[in-house]
Structure formats: C-alpha cells, structure tokens
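Trainee: sharing a model that was predicted from the sequence below.
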Amino acid sequence: MDQLVLLMLVLLGALVTVPVGERLGLPPPVLMTLLGIVLAVLPFVPNVNVPPGIVLPLLLPPLLYAAVQRTSWRQFAASWQPIFLLAVALVFVTTAAVAAVAHALVPGLPLAAAVAMGALVAPPDPVAATAVAGRLGLPRRMVSLLEGEGLFNDVTAIVLYHVAIAAAVTGTFSWPGALGEFVLSAVVAVLVGLALGWLGGRLMTLLGDATLQVGLSLLLPFAAYALADRLHGSGVLAVLTAASYLAERMADADDVVGRLAATTFWQVVDTLVTGVAFGLIGLELHAVLGTVHGRLGLVLGWSAAVVGVVVLVRLVWLLPAAWVARKMGPQGADGTSEVPLSWRETVVMWWAGMRGVASVALALAIPLETEGGGAFPERAVIVFVSFAVILVTLIVQGLTLPWLVTRLGVKADTAAERELEKRLAIEAARAAKRRLRQIDEAEGLPEEVVEALTRRMMDLGLRISPEIGDEERREAYEQRARRIKLVRRVQGEMLSAARQVVLEARRDPGADPAVVSRVLRRLDTRSWR
C-alpha cells in the first residue's frame, strides 16, 4: 500500500464515520482517530510521510474558514470577556503549569523546551470542539463559547510556541521581545486578514458566478495564512479575520444559488479535511512510539503527570472563571447571563477541552537541532508526551462527553429556540407583506394575485414556525400542504421521466453534448425550485 492509497482510505473513512458516528452517538473525529490508530498498527500500512511544516498551513486554513461560516462574529464580540478568559488567559495558565511540571520531572529538559511543550498542549482543538459540541444539543451559549475558545486559543498558543522554540534553539530569551512579537503577530494578522477580506469581497463581486466565487473562497484562507505567516503574523488570526470580514460584508439576501453552493461546498471540505486531520493523529502514533526506546515506562509516567495537569488546570481555572464571566459577560434579553449558569454546564465545558490537530502539527514541527548543532533537548519525549495528551483527551473525553452531557441533563433551551424561530417567522412575513403592499400601491396588482401571494407568504411563515398561526389557519395550511406535496410528487416523477429522456440523448452520436447539458441544467433548475 502506498501513500496515495492510504490517503484515499482516510478520505473514505472521513465520509463513513459521519453516519456511523450518528448511529453510535459518537463524534466522528474520535472515530477517525481510532481508525487512524487501527491503520497505523497494520503491518502492510506504510508510515505517514507528511513534512511537519505543511501540516498547519494545509489543514488549519480550510477548517477555520468553515468554522467561521457556521458562527457569527457579532456573537464572539458580545462574549469577548469569557472567550478571553478561556482562549488567552487559560492558555497562559496551562502553558505555565505544564512547563513547571515537565521541567521538574524530565531530567535535562530546559525551561524553554518545557514551555514549548506546554504551549503545544495548551489549546483545545477548534475542530474537535465544534465537531463534538455541535452534535450534542448543548445550549447555544455554551457552543458559542467553545467555538470562540477553539478558534482564538490557537493564536495565543502558536505565538507562545514559536517564542519558546526560538529560545530553546538559540539559548536566549527576552520577555520584552516575546511580548513585542506577540503584539506584532496579532497586528500583522488583523491587517492581512482585513486586506484580503476586502480584496476577496471585490473579486467575488467582479466574478459574479457562484462557482467562481466558491473557488475563490477556497483560495482565500490559504492566502491569508501564508501571507500573514510570511510577514511574521499569526496565520490563524489572519484566516479568522478574513473569513469574518467576508461573512459580515458579503451577505446578499438575494444570492440564493451562491449561498446554497457555498454551504454545500464547505460542508464537504469540512468533512474531508476534518477526517484527514484526525486520521493523521492516529496514523502518527506508530512513529511516535518508536521514539522512546528503552524508557517507555518512565515516559508513560511523565505523560500521565502532564495529562493530569492539563485536565485539572482546566477545571480549577473554569470554576472561578465561570463566576467572573457571569459577572462580566453579556446579558440576554431576559436579563440572564449568556455564559454557563450552573456547575453542570461548567463541568461539561471542562470535559469538552479536547486537544487535536494543532497540537499534532506543533509537536511534529519541533526542530531536530539547535543553532549550535546539537540535538533539540528531549525532542522525542516532548513529542511522545504531547501525543499522549492528545489521545487521552480526544479519545477518553470525546467518547465519554455524550454520556456526561446526558447524565448531567445539560441540553439546549428548545422553548427559547422555538420562540426565536416564531419571532423571526413573524418578522419575515411582515416584511414580505409590507413589500407586497408597496408593489400593489405602485403597480395596482390584480386582487386575486394579491390574495394568492398573501396566502403563499402565510404558508411560508407557517412552514418556518407553525405556532404563528391560529388553529384554523394551521388546518387550512396543512390541507394545502398535503395538496402541494401530492402535486410535487407527481411533478417530480414527470420531471424525472423528462430528465431520463434527455440523458439518453447523450448516447446519440448526433447529439451535441453542450446542448444536452444545457437542457438538463434547465430541467434540474426547475426540479430544484
């Protein structure tokens, strides 16, 4: 089996683990990690040969861009205080705690190398957080905080990591220099992200076609990451900034085709790249085990200590941080806090702190040598311990998180969601009726047309939220819906027969394929409507 066949197997696994995970009630990223481990121990499966330097630039940009498409920048901005406590402060605290323990336990491990280890295991993975939390029916405020933490903590951790690696390689360290690098990295990243977001918006308007716009959206996150990294900025923050800018500025209510095409495309990209990322974690296990010959037991003990520190520090930090966040955080419409309210929700947020692909990439990217030509101090130990943290948090916490959520009874406020759905349906119906009245006053529409359009808009509102109508209207809508369903079923079969005839025309040597495709596209468009 060669590398290409292995990649195809991993991509297939990324697709298969989605329905399997739904049936088993398990997160697909966890299943992909387990699949990678199984593949890694098979004798005929080759070792993965991915240059460490391309893991982050290749995997993180599309994953981060896809995550931003599912979220709202305004929601992040409204919850910046608790996100700061999790995504910045907790990363610093975890890095310091892990560095202190590792420096004390591992003989010959310099403090700078210990800080590098702490930085690379400190950030919970944004992909794991969104993939796992989003499927458990958690309250929206919790999912928003986990998403915000996952998206922004990499910025802090990666800058800390680079500062620590530079200190370990050169043997020198400067606090003012490290702080300056941190600030410069953030400023450069924001400027690059805004510039590419603005340029991307202009180019999308110029391109016009939905297919071309989607293609450009695939290139932008890679360009933002690479350019920011080249200018010594944070590639992660640059991608987040560019994606958020485009999401806010390029929202066109009438671009239905473009929105549907982009949503479908990024769902596919997200599924495949997520599968590859977590499959890589499992596949790398075999190579990592070979780095600690002769002292496996000792290194396992160090790994257990670091895992314990990573898990416990998050809990110890979250307990007071949740209280502070409730005092500092935004208030909802009912005057309640938008951050976790109970100890149960705090426990779920603690247990959802899984590590993933970013930690893998940073561990593999540790240089082999220092500037003086010597081996990087205890590189094998750092890589092994880092993978231990990743596997334990990802597999143990990922597999048990659904059980914990059910056990603690943490779930979304469905009543509030239905109320919001109802309010939006009412506002949408009112806006449509106002526009209908304006057109009627300007053009004098026939009365039967106005009545038909008013009824159709009411049907649409009832379809969004059945609660907006009284019992009589709901019953009338249900009757019309049954008739429409019947008509659509019969019409669908008629259009299917029509498409079949057109497809058969492809086999006719005298038929122009371009004409056949054009006719088929028109039939497909009619079927979609």
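Mentor: Right, received. Where do you want to start? Residues are numbered from 1 along each chain as shown.
Trainee: kindly confirm my reading that residue 272 is in a strand.
Mentor: No: per DSSP: H, G, I helix; E, B strand; the rest coil, residue 272 lies outside any strand segment and is helix.
Trainee: low-confidence stretches in the stretch 251-400 of the chain?
Mentor: 251-258, 325-341 (pLDDT under 70).
Trainee: return the per-residue confidence for the residue lying closest to residue 168 once chain neighbours are set aside.
Mentor: Nearest non-adjacent residue to residue 168, counting by C-beta to C-beta, 6 or more residues apart in numbering: residue 112, 4.0 Å away. C-beta: built from backbone N, CA, C; applies to glycine. Note on residue 112: pLDDT of 89.
Trainee: buried set for the host helix or strand of residue 112?
Mentor: Using DSSP states H and E, residue 112 sits in helix 111-121. For helix 111-121, the neighbour count (16 or more other C-beta atoms under 10 Å) marks 112, 113, 114, 115, 116, 117, 118, 119, 120, 121 as buried.
Trainee: please enumerate the strands of this protein.
Mentor: Counting by DSSP state E, the chain yields no residue ranges for strands.
Trainee: which pLDDT value belongs to the spatially most central residue of it?
Mentor: Centroid check for the chain by C-alpha atoms, centre = their mean gives residue 67 as the closest residue, at 3.3 Å. Note on residue 67: pLDDT of 76.
Trainee: likewise residue 510?
Mentor: Here the pLDDT value assigned to residue 510 is 71.
Trainee: next one: residue 467
Mentor: On the pLDDT scale, residue 467 is placed at 56.
Trainee: same question, residue 522
Mentor: 75.
Trainee: quick one: the helices in the stretch 401-529 of the chain, in order.
Mentor: Using DSSP state H, counting those that start in this stretch, the helices found in the stretch 401-529 of the chain span residues 414-443, 447-464, 471-504, 513-528.
Trainee: now render those helices as JSON lines, adding distance to residue 247.
Mentor: Shown next, in JSON lines, are the helices of the stretch 401-529 of the chain (distance: least, C-beta to C-beta, whole Å):
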{"stretch": "helix 414-443", "distance to residue 247": "19"}
{"stretch": "helix 447-464", "distance to residue 247": "22"}
{"stretch": "helix 471-504", "distance to residue 247": "33"}
{"stretch": "helix 513-528", "distance to residue 247": "25"}
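Trainee: which one, of those, ends up nearest to residue 309?
Mentor: Closest of the helices of the stretch 401-529 of the chain to residue 309 is helix 414-443, at 37.5 Å (criterion: C-beta to C-beta).
Trainee: avg pLDDT for the closest one?
Mentor: Rounded mean pLDDT across helix 414-443 is 76.
Trainee: surely the residue nearest to the centre of the chain and residue 147 touch.
Mentor: Yes: look at residue 67 against residue 147 with C-beta atoms under 8 Å: they come within range, at 6.7 Å.
Trainee: ok, residue 233 - how many residues close by?
Mentor: 25 (other C-beta atoms under 10 Å).
Trainee: list the contacts for it?
Mentor: 184, 185, 186, 187, 188, 189, 191, 192 (C-beta atoms under 8 Å, 6 or more residues apart in numbering).
Trainee: at 6 Å instead, please
Mentor: Residue 233 makes contacts with 185, 188, 189, 192, as judged by C-beta atoms under 6 Å, 6 or more residues apart in numbering.
Trainee: wait, isn't the second one in contact with residue 229?
Mentor: Put plainly, it is residue 188. No: using C-beta atoms under 6 Å, residue 188 makes no contact with residue 229, being 9.7 Å away.
Trainee: and residue 261, which of the helices of the stretch 401-529 of the chain is closest to it?
Mentor: Set against residue 261 and scored by C-beta to C-beta, those come closest in helix 513-528, at 11.5 Å.
Trainee: quick one: buried residues of that closest one?
Mentor: 516, 520, 523.
Trainee: go on, stretch 218-225?
Mentor: Using 16+ other C-beta under 10 Å as the test for burial, stretch 218-225 gives 220, 221, 222, 223, 224, 225.
Trainee: in helices only, show me those residues.
Mentor: Residues of the buried residues of stretch 218-225 located in helices (DSSP state H): 220, 221, 222, 223, 224, 225.
Trainee: which pair of those residues spans the longest distance?
Mentor: 220 and 225 (9.6 Å).
Trainee: could you report the neighbour count for the closest residue to residue 404 other than its chain neighbours?
Mentor: Using C-beta to C-beta, 6+ apart and skipping the chain neighbours, the partner closest in space to residue 404 is residue 351 (5.6 Å). Look at residue 351: counted by other C-beta under 10 Å, it has 20 neighbours.
Trainee: residue 452 too?
Mentor: What residue 452 shows, counting by other C-beta under 10 Å, is a neighbour count of 11.
Trainee: check contacts around it.
Mentor: Residue 452 touches nothing, counting by C-beta under 6 Å, 6+ apart.
Trainee: pLDDT score for it?
Mentor: 80.
Trainee: relative to residue 426, how far out is it?
Mentor: Counting by C-beta to C-beta, to the nearest Å, the gap from residue 452 to residue 426 is 21 Å.
Trainee: what of residue 224?
Mentor: Distance of residue 224 to residue 426, given as C-beta to C-beta: 39 Å.
Trainee: do the same with residue 502
Mentor: Per C-beta to C-beta, residue 502 is found 43 Å from residue 426.
Trainee: likewise for residue 446?
Mentor: Separation of residue 446 from residue 426 (C-beta to C-beta): 27 Å.
Trainee: so for those two, which sits in the more crowded spot?
Mentor: Per other C-beta under 10 Å, whichever of residue 446 and residue 426 has more neighbours is residue 426, with 15 against 9.
Trainee: what number of residues lie near residue 456?
Mentor: Neighbourhood size, residue 456 [other C-beta under 10 Å]: 12.
Trainee: could you report the separation of it from residue 160?
Mentor: Residue 456 is 57 Å from residue 160, by C-beta to C-beta.
Trainee: phi, psi for the nearest residue to residue 379 once chain neighbours are set aside please.
Mentor: Setting aside the residues directly before and after it, residue 379 is nearest to residue 366 in space (C-beta to C-beta, 6+ apart), at 5.4 Å. Reported as degrees, to the nearest 10, the phi and psi values for residue 366 are phi -60, psi 130.
Trainee: wait, doesn't residue 306 sit right on residue 385?
Mentor: Yes: in this structure residue 306 lies within contact range of residue 385 using C-beta under 6 Å: 5.2 Å.
Trainee: more crowded one of those two?
Mentor: Between residue 306 and residue 385, residue 385 has the larger neighbour count (other C-beta under 10 Å), namely 29 against 25.
Trainee: what sits closest to that one if chain neighbours are left out?
Mentor: What sits nearest to residue 385 in space, not counting adjacent residues and going by C-beta to C-beta, 6+ apart, is residue 303, at 4.7 Å.
Trainee: and for residue 93?
Mentor: Nearest non-adjacent residue to residue 93 (C-beta to C-beta, 6+ apart): residue 317, at 5.7 Å.
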